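Q: Pasting the sequence and the predicted model now:
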Amino acid sequence: MKEKLKTLLTQTRYIHSLNVSECAKKMAKIYNIDEEKAYIASILHDCAKCLNHEQMNYYLNKYNIKLDEYEKDNRALSHAIVGAYIAEYEFNIKDKEILNAIKYHTTGRENMTMLEKVIYMADLIEEDRSFEGVDELRYLVNKGELDKAILISLNNTIRIVIKRNQIIHPRTINARNYLVSTI
Ligand SMILES: [Fe+2]
Ligand SMILES: [Fe+2]
């Protein structure tokens, strides 16, 4: 799987994927989820991130992938959707939970599964991440406050997107509102 993944990613993105997988494995222990599923979802989460325009179109056509109006022409969002298809059909991953964790790793969604939460968060706090506030997120994750860490991250994302005057995917808003009402 790793060898095949290497052919799809740049060196930097490959190292990021390994880092996320290390982080997800540790989190799987803390949050009591299947370590192998966490490993597979995390190592493959960005498998579509480095596709060029032609390659992206190739997979969109090959698997008849329908992107929504927000995902269309937005690589930051579409790589997660296309990545789930590549994991399923190119890496032969049939587990729906793993595929959904890949699919929702960028936007999040309402009522996320524990595996989805772990992949979402591991992507943000892997060891090479160094943005302001990342240590607080690591601290919260290590002491079992994953939902709090995700809510902070969703709020950060929404703030950044507003600042850049970009479109926010409704799934991110829903993920955020859901956590606000359940924490
Ligand atoms: Fe990603
Ligand atoms: Fe990532």
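A: Thanks, I have it. Since the structure is predicted, the reported quantities are computational estimates derived from the model, not experimental observations. Ligands and ions are numbered 1, 2, ... in the order given.

Q: which strands and helices sit next to the top helix by length along the chain?
A: In the chain, assigned by DSSP state H, the helix with the most residues is helix 11-30. Packed against helix 11-30, as judged by 3 or more C-beta pairs under 8 Å, 6 or more residues apart in numbering; DSSP states H and E, are the following elements: helix 2-8, helix 35-44, helix 114-125, helix 134-142. For glycine as for every other residue, the C-beta is placed from the backbone atoms N, C-alpha and C.

Q: near ligand 2, which residues of this structure show up?
A: 46, 123 (C-beta under 5 Å from the ion).

Q: center of the chain, which residue is that?
A: residue 105 (2.1 Å; C-alpha atoms, centre = their mean).

Q: what pLDDT does that one get?
A: Looking at residue 105, its pLDDT reads 98.

Q: Can you classify it by secondary structure?
A: coil (DSSP: H, G, I helix; E, B strand; the rest coil).

Q: measure it to residue 9 for me?
A: 15 Å (C-beta to C-beta, to the nearest Å).

Q: Please give me every residue in contact with residue 111.
A: residue 178 (C-beta atoms under 8 Å, 6 or more residues apart in numbering).

Q: so where does residue 50 fall, helix or strand?
A: Following DSSP states H and E, there is no helix or strand that holds residue 50.

Q: What count of nearby residues applies to it?
A: The local packing of residue 50 (other C-beta atoms under 10 Å) involves 15 other residues.

Q: re earlier: for the residue nearest to the centre of the chain, grab phi and psi.
A: When read as degrees, to the nearest 10, the backbone of residue 105 gives phi -70, psi -20.
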